[in-house]
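1. build me a model from this:
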Amino acid sequence: MEETLGSWLRKKLEEERLSLREAAEKTKVNHQTINNIIKGSHTSAETVLKIACGFGGKGNEGKVLTDKLLVLAGYRIQGMEISLPIAKLLDIINDFSKAKIEVVISFARYMTEQ
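-> Sure, this is the predicted structure:
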């Protein structure tokens, strides 16, 4: 079965053991809207962004979740999003100096030569 925003949201509520009202509080989205999404209703991009913000991580990890949910909701094309491992790496090196970034680049080149 193809993953949808509704199936992702249902799974997330089960994983975190959240009721619809608890999810509504976490995302700032009405509990009835959440229920409608789970049942397959289309929703606005603004609502998708609220859901991503409520369940997302910080920095680039949050951006990855936002991209994923926008794809699931039909607002973005799959394949354009950043992968979670790349997002984690970007968050780690975000405050590196230019010299440290050059070391990381050299190491990455070394790793891909083997």
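2. which residues does the helix or strand bottoming out on mean pLDDT in the chain contact?
-> Least confident helix or strand, the chain: helix 84-93 with a mean of 76, by mean pLDDT, DSSP states H and E. With Cβ atoms under 8 Å, 6 or more residues apart in numbering as the test, helix 84-93 has contacts from 58, 59, 60, 61, 63, 64, 82, 100, 101, 104. From N, CA and C alone the C-beta is placed, and that goes for glycine too.
3. quick check: longest helix of this structure.
-> helix 98-113 (DSSP state H).
4. report all helices and strands that that one contacts.
-> Applying 3 or more Cβ pairs under 8 Å, 6 or more residues apart in numbering; DSSP states H and E, we find helix 98-113 packed against helix 84-93.
5. what residues of the one helix or strand residue 37 maps to count as buried?
-> Per DSSP states H and E: residue 37 is located in helix 31-38. Using 16 or more other Cβ atoms under 10 Å as the test for burial, helix 31-38 gives 33, 34, 37, 38.
6. who's in contact with residue 6?
-> Neighbour list for residue 6: 37, 38, 39, 40, 41 [criterion: Cβ under 8 Å, 6+ apart].
7. related to what we said a few turns ago, how about the longest helix of the chain as PDB, C-alpha atoms only?
-> The C-alpha trace of helix 98-113 is given here as PDB (Å, rounded to 0.1, in the frame of the first residue of the first chain):
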ATOM      1  CA  LYS A  98      35.900  26.700   6.600                       C
ATOM      2  CA  ALA A  99      39.000  24.600   7.500                       C
ATOM      3  CA  LYS A 100      36.900  22.000   9.200                       C
ATOM      4  CA  ILE A 101      34.500  21.800   6.200                       C
ATOM      5  CA  GLU A 102      37.600  21.200   4.000                       C
ATOM      6  CA  VAL A 103      38.600  18.300   6.200                       C
ATOM      7  CA  VAL A 104      35.200  16.800   5.900                       C
ATOM      8  CA  ILE A 105      35.200  17.200   2.100                       C
ATOM      9  CA  SER A 106      38.700  15.500   2.000                       C
ATOM     10  CA  PHE A 107      37.500  12.700   4.100                       C
ATOM     11  CA  ALA A 108      34.400  12.200   2.000                       C
ATOM     12  CA  ARG A 109      36.500  12.100  -1.200                       C
ATOM     13  CA  TYR A 110      38.800   9.500   0.500                       C
ATOM     14  CA  MET A 111      35.800   7.400   1.500                       C
ATOM     15  CA  THR A 112      34.300   7.400  -2.000                       C
ATOM     16  CA  GLU A 113      37.600   6.300  -3.700                       C
END
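8. thanks again, I'm all set now.
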